[in-house]
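Student: the following comprises the amino acid sequence and a computationally predicted model.
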Amino acid sequence: MRLVLTLESACDYAYDLRYHVKLQGFVYSLLRNTPYEHLHDLRGYKYFCFSNIYPPFDTRQGESRQLVLSSPDEKLVGTFAQALLTREEINIGSMRFYLRGIRVVRPKIRRSVTLVTRTPIIVRIPKRNYPRYGIVSEHSYVYWRPDMTFDAFLRQLEDNLVKKYRGFHGEDIEEGQLRPLFQEFLFKKQVCNHLLIKNREVRVFGSLWEFRFSHLTGEQRELLRFAIDAGFGERNSLGFGFMEVKVGR
């Protein structure tokens, strides 16, 4: 379930490439004094994601932009909406917007569908899996990069989605009914994002993709419905792994 916010820029501004933490701060501000306030300090999956402010270009006063918040938890989405109803302005770092509209969207996952990344997908490979993928490193984990096998990316991504699904629903799923989930994929490019966390610059490596699915089973469609609202990969609560349904029939 998603909230699509229509924004109007209150001034001219240069697009902030390090928006993630500032935008995350805005999202958490919507949860103050609500039953979801604990998410800020919760370790583990938080089951929400958000898009970038798009189109992602420098903006002049009066121009329109959009921001999307998503979660498989409909009560959490409702909490976001309730908090937004009391706001006329939204401040994200030095960027200021007037809130001009809110609408609820429920993306449909049909038997054939194409998903595209709106924000980069981050996949980390733990050291215990290095032998499986032929990785040599002294670090406790490495970010997936295109000089590694695509199998490493897809298997870690699938594992992450299944773990999140199990954690959210509190129930097991038959893996034989889900895999192989990813059928056809188009790698677009690798990106490096610089995050400023606690006054320390942190580099994270992600990638942009297009995934095409056909003849999906009911179980696979259910997992993808969950995944596009929870986010693909890691650091979803910083806005990474936000997916968009491009084509469906």
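Tutor: Structure received.
Student: drop to CA atoms for contacts and neighbour counts, all remaining ones
Tutor: Noted.
Student: quick one: the closest residue in space to Ser140 that isn't next to it in sequence from Ser137, how far?
Tutor: Excluding its sequence neighbours, the residue lying closest to Ser140 (C-alpha to C-alpha, 6 or more residues apart in numbering) is Lys127, at 5.2 Å. Taking C-alpha to C-alpha, to the nearest Å as the measure, Lys127 falls 8 Å from Ser137.
Student: what ranges does this structure have for its helices?
Tutor: Secondary structure of the chain by DSSP state H: the helices cover 19-29, 74-84, 130-133, 150-169, 175-178, 218-230.
Student: dump the last one to PDB, restricted to CA.
Tutor: What follows is helix 218-230, C-alpha atoms only, in PDB (Å, rounded to 0.1, in the frame of the first residue of the first chain):
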ATOM      1  CA  GLY A 218      -0.200 -17.100  -6.700                       C
ATOM      2  CA  GLU A 219       2.600 -17.500  -4.100                       C
ATOM      3  CA  GLN A 220       5.100 -15.600  -6.200                       C
ATOM      4  CA  ARG A 221       2.600 -12.800  -6.800                       C
ATOM      5  CA  GLU A 222       1.900 -12.500  -3.100                       C
ATOM      6  CA  LEU A 223       5.600 -12.300  -2.300                       C
ATOM      7  CA  LEU A 224       6.200  -9.600  -4.900                       C
ATOM      8  CA  ARG A 225       3.200  -7.600  -3.700                       C
ATOM      9  CA  PHE A 226       4.700  -7.600  -0.300                       C
ATOM     10  CA  ALA A 227       8.200  -6.900  -1.600                       C
ATOM     11  CA  ILE A 228       7.400  -3.800  -3.700                       C
ATOM     12  CA  ASP A 229       5.900  -2.100  -0.600                       C
ATOM     13  CA  ALA A 230       8.600  -3.300   1.900                       C
END
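Student: what's in contact with it?
Tutor: 1-2, 47-49, 70-72, 107-111, 161-162, 165, 177-178, 181, 236, 242-244 (C-alpha atoms under 8 Å, 6 or more residues apart in numbering).
Student: now do the third one
Tutor: Here helix 130-133 makes contact (C-alpha under 8 Å, 6+ apart) with Val136, Met148, Thr149, Asp151, Ala152.
Student: same thing but 10 Å
Tutor: Ile125, Val136, Ser137, Ser140, Tyr141, Val142, Met148, Thr149, Phe150, Asp151, Ala152, Phe153 (C-alpha atoms under 10 Å, 6 or more residues apart in numbering).
Student: and these as CSV, adding distance to Leu85 and neighbour count?
Tutor: Shown next, in CSV, are the contacts of helix 130-133 (distance: C-alpha to C-alpha, whole Å; neighbours: other C-alpha atoms under 10 Å):
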residue, distance to Leu85, neighbour count
Ile125, 41, 19
Val136, 51, 10
Ser137, 49, 10
Ser140, 44, 11
Tyr141, 42, 14
Val142, 42, 17
Met148, 46, 13
Thr149, 46, 13
Phe150, 44, 14
Asp151, 44, 11
Ala152, 43, 20
Phe153, 40, 21
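Student: could you report the neighbour count for Val162?
Tutor: 18 (other C-alpha atoms under 10 Å).
Student: got a pLDDT number for it?
Tutor: At Val162, the pLDDT value in this model is 90.
Student: pretty sure it sits against Asp172.
Tutor: Yes: Val162 lies in contact with Asp172 (C-alpha atoms under 10 Å); the separation is 9.1 Å.
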